[in-house]
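[1] take a look and give me a structure for this.
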Amino acid sequence: MIRLALLDDHPVVIAGLTRLVQHTRGMEVLAAARDEVTLARELGGRRPDVLILDYDVARGDALALCRRIKSRPDALRVLIYSAYAGPALAIAARAAQADGLVDKTAPATALLDAIRRIAHGQSVIPDVAHEELVEAVARLDEPELPILAMLLDGEPLPAIAETLNTDENEIDWRAEKLIGRLRPRFTETNGRSRSS
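    Below you'll find the predicted structure:
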């Protein structure tokens, strides 16, 4: 049984995901909420296998939450579920060490497949063209580049700190800063996000 936790600020999305999972054999929703404090309370100490986390460009806090979760020992598997799942978010999600990224416009079968794959240890983040990665990297300062490279390789923060011979708190702060610089920005182009 794959146990899920759902975090999305739209009640309709939570209701739809809950209903989808209820009708899917081998999955169950342990808790669903609109904010992380409520979700933690509803989980009541139970541990999900996968956290499905909404990414809202206006709030932009899902990547920071993902990074915090993934920096813990024995971290949860995290699937970012977003209507803005383009290349910029794919790069930022990789840097935040998310396990998956699925667009909310994808068919339900694609979401369920991603959940199963992530629960079994696979990564489900779309590939990004070289040009898009170059564009994203151009927004970073030179000292951030080795940190980005190690985050993209899945290195935990303590290992990055050791490699760069610096304090783990410094790496944590720098990782948060660079992920913030990579995240998609909202523009009024058909209501979709794009890098700015």
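[2] and Ile52, that's in a helix?
    No - looking at Ile52 with DSSP: H, G, I helix; E, B strand; the rest coil, it is strand, so not inside a helix.
[3] lowest-confidence helix or strand of the protein?
    In the chain, the helix or strand scored least confidently by mean pLDDT, DSSP states H and E is strand 192-194, which has a mean of 43.
[4] could you pull out the helices in this protein for me?
    11-22, 36-43, 62-70, 87-95, 108-119, 130-137, 145-152, 157-163, 168-182 (DSSP state H).
[5] which one of the ones you listed lies nearest to Ile2?
    Among the helices of the chain, helix 108-119 comes nearest to Ile2, with 4.5 Å by CB to CB. (C-beta placed from N, C-alpha, C; glycine too.)
[6] so the closest one versus helix 11-22, what angle?
    Here helix 108-119 points in a direction 70 degrees away from that of helix 11-22 (axes from the mean of the first three to the mean of the last three CA atoms, to 10 degrees).
[7] buried residues in helix 108-119, which are they?
    Of all the residues in helix 108-119, those buried under the rule 16 or more other CB atoms under 10 Å are Leu111, Leu112, Ala114, Ile115, Arg116, Arg117, Ile118, Ala119.
[8] distance to Lys177 and pLDDT for the residues you listed - can I get that in a markdown table?
    Converted to a markdown table, the buried residues of helix 108-119 look like this (distance: CB to CB, whole Å; pLDDT from 0 to 100):
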| residue | distance to Lys177 | pLDDT |
| --- | --- | --- |
| Leu111 | 31 | 96 |
| Leu112 | 35 | 96 |
| Ala114 | 29 | 97 |
| Ile115 | 31 | 97 |
| Arg116 | 34 | 97 |
| Arg117 | 30 | 97 |
| Ile118 | 27 | 97 |
| Ala119 | 31 | 96 |
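[9] can you pull the domain assignment for the protein?
    Domain segmentation of the chain under automatic domain parsing yields 2-119, 130-189.
[10] okay, those domains, which one's buried deepest?
    Compared across those, domain 2-119 shows the largest average neighbour count, a mean of 18 (mean count of other CB atoms under 10 Å).
[11] most distant residue from the centre of this protein?
    The outermost residue of the chain relative to its centre, with distances by CA atoms, centre = their mean, is Asn165 at 27.3 Å.
[12] roughly how far does it sit from Arg67?
    22 Å (CB to CB, to the nearest Å).
[13] if we can go back for a sec, closest one to Tyr55 among the helices of the chain?
    Of the helices of the chain, nearest to Tyr55 by CB to CB is helix 62-70, at 4.2 Å.
[14] give me the mean pLDDT for the closest one.
    The average pLDDT within helix 62-70 is 88.
[15] ok, and the closest non-adjacent residue to Leu133?
    Of all residues not flanking Leu133 in the chain, Ile91 sits nearest, at 6.3 Å (CB to CB, 6 or more residues apart in numbering).
[16] check contacts around the residue nearest to Pro48 when sequence neighbours are not counted.
    Once flanking residues are discounted, Pro48 sits nearest to Ala5: 4.0 Å by CB to CB, 6+ apart. When contacts are counted by CB atoms under 8 Å, 6 or more residues apart in numbering, Ala5 touches Val29, Leu30, Ala31, Ala32, Leu39, Leu43, Pro48, Val50, Leu51, Ile52, Leu76.
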